[in-house]
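A.B. asks: Predicted model, plus sequence, below.
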Amino acid sequence: MFRARTRPAQDPDARTGPGARPAVAIAVLASCGLLVSLLQTMVVPLLPRFPELLSVTPSTASWLITANLVAGAVSAPVLGRLGDMFGKRRMLLVALVLVGVGSVIGALAPGIELLLVARVLQGTAFGVIALGMSLMRDILPPERVGSGVGLMSSSLGFGGAIGLPITGVVAQFTSWRWLFAGAAVLALVQIVLVRRLVAESGLRTGGRFDAVGAVGIGALLVSLLLAVSKGNEWGWTSPQVIGLFVAALVLAPVIGRYELRTRTPLVDLRVSARPAVLLTNTATVLVGFSMFAGFVLTTQLLQAPVATGYGFGQSLLVAGLVLLPMGGSMVLFSSTSARLSRARGPRTTLVLGTLVLGAGNLAFATLPGTIWLLMLVATLTAIGAALAYSAIPLLIMRAVPESETAAANSLNTLARQLGTSACTAFVAAVTTAFVLDDGILPAGIAYTIAFAGAGAAGLLATLLVAVTPAPAPERPATPDRGPEHGPDRGPEHGPEHGPEHGPEHGPEHGTRAAATTPEACRH
C-alpha cells in the first residue's frame, strides 16, 4: 500500500475559487458526462449484429456490455478514493486516458478478445461522473455548484438519447469501428480541455490506499453484478448464478468488518451507514431502475412490427430521432432542478423528480397508441429523471465530509449502475416469459408489467426520500497525519465549522479546502 502526501491549498496547481472560470469548467466537466453516456450506449443497438460481424455466439457478444459494466463498477470506488487522496482532476485525467486507450484498441481490434479488453478499459469512464461532480464542489463558487452538478447529471441522459441515432447512422452507412475511433478522438479532446480549462482541487485526505479493501470490494461487486446481469441468460437457478450470489453474501460481511477496522478504508462504512447517505443510495438504486426502463424499452416499442398491436415499425435511426426530446428535456430541466434545490432544498427536488418518474412509467404501462403520445410520456419520464439525478449528488455531498466527496459520489454512481443492471435483468426476464404466438417477440403484457414495475420503483423511491432525515452538519475532515488519529482523522471541530450551515443549504455553502490542510489546522 502507498500513502498520499497532503498539499497546502495554496499550492499553485490547486487553483480554486471563482478565478477558475466557472462557466468554462462546468461546460468541460458536463461534456465529460456526455462522453460517458455515449460509451455506455454505443454498442447496445449493435448487439444483434455483432455475432455475425465477429463470428461469435450471441452470449459471447453480450459480454461487450457485461465487461464494461463490471469494470466500471470495480473502478469507480477505486478512482473516487484515489481522487480524494491525490487530486480529483488528476484521477479524472487518468480515467480519460484509459478510455482513450481502450477506444483505440477497440477501433483496431481484430476479434472479440481485444474488443473485450477495449470495453473493460472504457469501463473506467464510470468514475468520471463522480470525480467531475466532486471537483465542482471544490472549485466552483458556491452559487454555481447546484447548476453545474445538475448539468453534468443531465448530460448522461442526453448522451444516451443522441447515442442511439448516432449508432444507427454508423451502423447503416459505415463500419462499427468508427464508433470506437470517434470515442478515442472525443477522449483526447476531453483530456486537452480538462488539462487547460479545469482547476485542480486543493483538498486532500492523505492516508494509505486500501489495496486489500479494493480487491475485496472488487470481488464482491464482480460476483453480485455478474449474477444480476447474467441471471436471465444462465438461468436464475443455475449453479453459476447461485454460486455468485453465495459468494457475494459471504464476502459482504467479511469485507465490511475489514473496512470498519482499517484506518483508511476504501469505503467509509460509518459514513455510508448514516441514514441520510444509506437511504439516499437506496433511493438511487430505485431511481436507476425506474429511469432505465424508458431507455431500454422505448426503442423496442418504436421498432416492433405494427402487427404486434403495440409496435410502430420504425427503423433504429428514426427511433433514435424520436428519443431526442428525452435528452433535450433532461438538459433543459437541469437548470430548473438547480433553482428548485436552491429555493426548496435538494430533497424537495428529489421527491418531485421521483414522483414524475414513477408517473411517467405508469403512463408507459398503458402502451401509448401514437408516436406523439409516446414521445410525450418519454419526455415526462426524462424530466423526472433530470430532477432526481440533479438532486441526488447534492444530497450525498451534503451528508459526507468534504474530504470524502469523490468516494461518496463513486459509491452513489455504483448504486445507480446497480439499479440499471437490475432493470435490465428484470426486463429480460419479463420479455422472455411473455411472448406472442411466434415465440420470439414479447407480448404487450410484458411491456405493461415492466413499466409498471419501473413505476412502482419510482414511487417507492419517493417514500424513501420523504422519510430520509436531513443530514447533520458535518465537521471538516483533516488530512491523515498518522495512525494516532484513528479512522476519524482530525481534531474535533464544532458544528459551526461544518460544510453546511443548516439542512436547508446545499454543499455549495460549505467551507473550502484550505481549512483542512495541516497548516490551517495548526493555526
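C.D. replies: That came through, no problem.
A.B. asks: Could I get the full set of helices for the stretch 1-150 of the chain?
C.D. replies: Counting by DSSP state H, counting those that start in this stretch, one finds helices in the stretch 1-150 of the chain at the ranges 22-41, 50-54, 58-61, 63-86, 88-108, 112-122, 126-139, 145-173.
A.B. asks: Actually, the stretch 251-400 of the chain.
C.D. replies: Using DSSP H, counting those that start in this stretch, the helices assigned to the stretch 251-400 of the chain run over residues 269-272, 275-303, 316-322, 324-344, 346-364, 371-399.
A.B. asks: Adding mean neighbour count, write these out as a markdown table.
C.D. replies: Using the backbone N, CA and C atoms, a C-beta is placed for each residue, glycine as well. Shown next, in a markdown table, are these (neighbours: other C-beta atoms under 10 Å):
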| stretch | mean neighbour count |
| --- | --- |
| helix 269-272 | 17 |
| helix 275-303 | 24 |
| helix 316-322 | 19 |
| helix 324-344 | 20 |
| helix 346-364 | 24 |
| helix 371-399 | 26 |
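A.B. asks: nearest to residue 226, of those helices?
C.D. replies: helix 275-303 (17.4 Å; C-beta to C-beta).
A.B. asks: And the closest one, what does it pack against?
C.D. replies: Packing contacts for helix 275-303, counted by 3 or more C-beta pairs under 8 Å, 6 or more residues apart in numbering; DSSP states H and E, involve helix 145-173, helix 269-272, helix 316-322, helix 346-364, helix 371-399, helix 405-433, helix 444-467.
A.B. asks: elements contacting the second one?
C.D. replies: Judged by 3+ C-beta pairs under 8 Å, 6+ apart, the packing partners of helix 269-272 are helix 239-261, helix 275-303, helix 405-433.
A.B. asks: Go through the helices of the stretch 1-150 of the chain and name the closest to residue 217.
C.D. replies: Across the helices of the stretch 1-150 of the chain, residue 217 has its closest neighbour in helix 63-86 (6.2 Å, C-beta to C-beta).
A.B. asks: picking that back up, could you tell me the least trusted of the helices of the stretch 251-400 of the chain?
C.D. replies: Note on those: helix 316-322 shows the lowest mean pLDDT, a mean of 78.
A.B. asks: that older thread, for residue 72, which of the helices of the stretch 251-400 of the chain is the nearest?
C.D. replies: Closest approach to residue 72 among these is made by helix 275-303 (13.2 Å; C-beta to C-beta).
A.B. asks: Would you confirm that residue 129 contacts residue 409?
C.D. replies: Yes - using C-beta atoms under 8 Å, residue 129 is in contact with residue 409, at 7.5 Å.
A.B. asks: possible to save the helices and strands packed on helix 275-303 as a markdown table with distance to residue 285?
C.D. replies: Shown next, in a markdown table, are the helices and strands packed on helix 275-303 (distance: least, C-beta to C-beta, whole Å):
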| stretch | distance to residue 285 |
| --- | --- |
| helix 145-173 | 16 |
| helix 269-272 | 14 |
| helix 316-322 | 27 |
| helix 346-364 | 12 |
| helix 371-399 | 11 |
| helix 405-433 | 4 |
| helix 444-467 | 8 |
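A.B. asks: of all the ones you listed, which lies closest to residue 124?
C.D. replies: Taking the helices and strands packed on helix 275-303 one by one with C-beta to C-beta, helix 405-433 is closest: 11.7 Å.
A.B. asks: quick one: average pLDDT of that closest one?
C.D. replies: When pLDDT is averaged over helix 405-433, the result is 86.
A.B. asks: How about stretch 115-126?
C.D. replies: Per-residue pLDDT over stretch 115-126 has a mean of 91.
A.B. asks: which non-adjacent residue is nearest the residue most central in space within the chain?
C.D. replies: By C-alpha atoms, centre = their mean, the chain has its centre lying nearest to residue 413, at 3.7 Å. Leaving aside its sequence neighbours, residue 413 sits nearest to residue 130 (C-beta to C-beta, 6 or more residues apart in numbering; 4.8 Å).
A.B. asks: so that neighbour sits right up against residue 397, yeah?
C.D. replies: No - applying C-beta under 8 Å as the test, residue 130 and residue 397 come out as separate, 10.5 Å apart.
A.B. asks: intersection of neighbour lists for the two?
C.D. replies: Common contact partners of residue 130 and residue 397 (C-beta atoms under 8 Å, 6 or more residues apart in numbering): residue 409.
A.B. asks: what distance separates stretch 314-326 from the centre of its chain?
C.D. replies: 23 Å (C-alpha atoms, centre = their mean, to the nearest Å).
A.B. asks: Just the endpoints, please. Distance across that stretch?
C.D. replies: Stretch 314-326 has an end-to-end distance of 17 Å (criterion: C-alpha to C-alpha, to the nearest Å).
A.B. asks: and what of stretch 133-149?
C.D. replies: Using C-alpha to C-alpha, the end-to-end distance of stretch 133-149 comes out at 6 Å.
A.B. asks: Mind checking the helices of the stretch 251-400 of the chain for the one nearest to residue 22?
C.D. replies: Of all the helices of the stretch 251-400 of the chain, it is helix 324-344 that lies closest to residue 22, at 13.0 Å by C-beta to C-beta.
A.B. asks: hmm, back to that, OK, contacts around the residue nearest to residue 413?
C.D. replies: Residue 130 neighbours (C-beta under 8 Å, 6+ apart): 76, 79, 80, 83, 406, 409, 410, 412, 413.
A.B. asks: which of those residues has the most neighbours?
C.D. replies: Greatest neighbour count in those, by other C-beta atoms under 10 Å, goes to residue 406: 35 neighbours.
A.B. asks: Surely residue 188 touches residue 100?
C.D. replies: Yes - between residue 188 and residue 100 there is a contact under C-beta under 8 Å: 5.7 Å.
A.B. asks: With adjacent residues omitted, what lies nearest to residue 340?
C.D. replies: That would be residue 349: by C-beta to C-beta, 6+ apart, it lies 4.8 Å from residue 340.
A.B. asks: for that neighbour, what are its contacts?
C.D. replies: Residue 349 neighbours (C-beta under 8 Å, 6+ apart): 337, 340, 341, 387, 388, 390, 391.
A.B. asks: switch the cut-off to 10 Å
C.D. replies: For residue 349, the contact set (C-beta atoms under 10 Å, 6 or more residues apart in numbering) comprises 146, 150, 336-343, 386-388, 390-392, 394-395, 465.
A.B. asks: Ok, residue 100 next?
C.D. replies: Shown in contact with residue 100 (C-beta under 10 Å, 6+ apart): 121, 122, 183, 184, 185, 186, 187, 188, 189, 190, 191.
A.B. asks: what's the neighbour count on the closest residue to it other than its chain neighbours?
C.D. replies: The shortest distance from residue 100 to any non-neighbouring residue, by C-beta to C-beta, 6+ apart, is to residue 187 (3.6 Å). Other residues within reach of residue 187, judged by other C-beta under 10 Å, total 24.
A.B. asks: and what of residue 203?
C.D. replies: Other residues within reach of residue 203, judged by other C-beta under 10 Å, total 34.
A.B. asks: mind checking the SS state of it?
C.D. replies: Three-state call for residue 203 (DSSP: H, G, I helix; E, B strand; the rest coil): coil.
A.B. asks: pLDDT weak spots in the stretch 101-250 of the chain?
C.D. replies: The stretch 101-250 of the chain contains residues with pLDDT under 70 at 157, 160-161, 164.
A.B. asks: quick one on the thing from earlier: redo the contacts of residue 130 as JSON lines? Include distance to residue 444.
C.D. replies: Shown next, in JSON lines, are the contacts of residue 130 (distance: C-beta to C-beta, whole Å):
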{"residue": "76", "distance to residue 444": "37"}
{"residue": "79", "distance to residue 444": "42"}
{"residue": "80", "distance to residue 444": "42"}
{"residue": "83", "distance to residue 444": "46"}
{"residue": "406", "distance to residue 444": "44"}
{"residue": "409", "distance to residue 444": "39"}
{"residue": "410", "distance to residue 444": "39"}
{"residue": "412", "distance to residue 444": "35"}
{"residue": "413", "distance to residue 444": "34"}
